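In: with the input below, show me the fold.
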Amino acid sequence: MRKILLHRQYKHILSPEGGVSITARLAIPVLLFILLNGCITPLPQSGDTPSGTYIKKLPITVMGVRRSYLVHVPPDYQTAGSLPLVVVIHGAFSTAGEFERQSGFSELADREKFIVVYPNGAYGILGFLQHWNAGHCCGKAAAENINDTGFLDAVIADVSERLTIDTHRVYMVGFSNGGMMAYRYAAERSEVVAAMAAVAASIGGRASEVDPVWVIPPPARPVPLIAFHGEEDRNVPYDGGRSPAKGGTREYFSVEQSINFWVQHNKCLEVPRRDALYNGLISRQIWGDKVRDECVVLFSLEEWGHIWPGTYFTDSLEDDNPLKGFEAAEIIWQFLRGHPRE
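Out: Numbers count the residues shown, from 1 in each chain. I've put the predicted structure just below:
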């Protein structure tokens, strides 16, 4: 993993809850931000919608700033009928635009014909430093109890009014603080979410020893889950507890606790199938149930930290590294597409 971090793509400082640190963010020229976002076309209110990525602002404000999302429409949308919707949630102190580039879902959507929505978190400064109230984490959004579940409700409703969405195939994907938000939304809106993916996330925790433990509520119906977590994650530790990278008093539930929650509430069989992939660098566990082969899947990545496991980063690995070219988005989509809402 040390060699990975030496690559130019990692010269920025990763924040404790995902994305890029405040220091690194503030070093980015404001002019560059304005130019990049000025190039994004607003989502048309009617008529044809050519392939591309659009921005939409909603009449929901935080500190006087309207909240927004990006939506990517694949080619031939007009003749494709109802399409799946994948909601992809960035980590803390990141943005929808940055995570669109890093996650690879827009390119995948063009090939596989689905629509992608990238919501923007709250409390951004000039479009930076956005994050989510995932209940137990993170930042000002959690401290101020921002209604991010309601915001995601509004995003899904808004894009469904404008584009033709298959409501039985609405999926959630999130990284870090965004993965925690995906966990929360799937638990609170299990009647909406057909299946979900969480990367480097946790279902609960607490800000300090004197604060109460917060954990997502039991879902009203099963939500199939695929999860990825680096065993060397120093921001949201694989074994739970406090963050070695951040320090402080915040604690997270472990990967085992998070997965067991969904195994139980999805009514999976208790004993998973296990195998090793990519020359042993990935351990995969698959829990099935009496009907499906997969209701919860966990990828544990050895020698991997708090970084999205996609080609934006893995393409830079040495040629002899088994994870070179590893693309989580492809694996996630293959799982999600097999789980429409009943």
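
In: so what's Pro340 up against?
Out: Asp166, His168, Arg169, Ala194 (Cβ atoms under 8 Å, 6 or more residues apart in numbering). Every residue, glycine included, has its C-beta placed from N, CA and C.

In: quick check: the last one touching His168?
Out: Looking back up the chat, that one is Ala194. Yes - using Cβ atoms under 8 Å, Ala194 makes contact with His168 at a distance of 6.4 Å.

In: and the contacts of Pro340, which of them are in helices?
Out: Members of those lying in helices (criterion: DSSP state H): none.

In: turn those residues into JSON lines, including pLDDT.
Out: As requested, these are exported to JSON lines (pLDDT from 0 to 100):
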{"residue": "Asp166", "pLDDT": "97"}
{"residue": "His168", "pLDDT": "97"}
{"residue": "Arg169", "pLDDT": "98"}
{"residue": "Ala194", "pLDDT": "98"}
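
In: and the residue most central in space within the chain, what helix or strand is that in?
Out: In the chain, the residue lying closest to the centroid (Cα atoms, centre = their mean) is Gly174, at 1.1 Å. Assigned by DSSP states H and E, Gly174 belongs to strand 165-175.

In: relative to strand 165-175, how tilted is the next helix or strand after that strand?
Out: Beyond strand 165-175 in the direction of the C-terminus, DSSP H and E gives the next helix or strand as helix 177-188. Calculated by axes from the mean of the first three to the mean of the last three Cα atoms, to 10 degrees, helix 177-188 forms an angle of 140 degrees with strand 165-175.

In: which elements pack onto the next helix or strand after helix 177-188?
Out: For helix 177-188, the following helix or strand on the C-terminal side (DSSP H and E) is strand 195-199. For strand 195-199, the elements it packs on are strand 165-175, helix 177-188, strand 225-230, helix 328-337, judged by 3 or more Cβ pairs under 8 Å, 6 or more residues apart in numbering; DSSP states H and E.

In: quick revisit: now rank the contacts of Pro340 by neighbours and give me the top one.
Out: Most neighbours among these, by other Cβ atoms under 10 Å: Ala194, with 23 neighbours.

In: which parts of the helix or strand hosting Pro84 are buried?
Out: In this assignment (DSSP H and E), Pro84 forms part of strand 83-89. Buried residues in strand 83-89, defined by neighbour count with 16 or more other Cβ atoms under 10 Å: Leu83, Pro84, Leu85, Val86, Val87, Val88, Ile89.

In: centre of the chain to it, how far?
Out: 11 Å (Cα atoms, centre = their mean, to the nearest Å).

In: what pairs with it, and is each one parallel or antiparallel?
Out: Looking at strand 83-89 with DSSP bridges, its partner strands are strand 115-119 (parallel), strand 165-175 (parallel).

In: give me the contact list for that strand.
Out: 74, 77, 99-100, 103, 105, 109, 113-119, 132, 152, 155-156, 159-160, 163-166, 169-175, 178-179, 181-182, 333, 336-337.

In: now list the buried members of these.
Out: Buried residues within the contacts of strand 83-89, counting neighbours by 16+ other Cβ under 10 Å: 74, 77, 99-100, 103, 105, 109, 114-119, 132, 152, 155-156, 159-160, 163, 165-166, 169-175, 178-179, 181-182, 333, 336-337.

In: great, nothing more from me.
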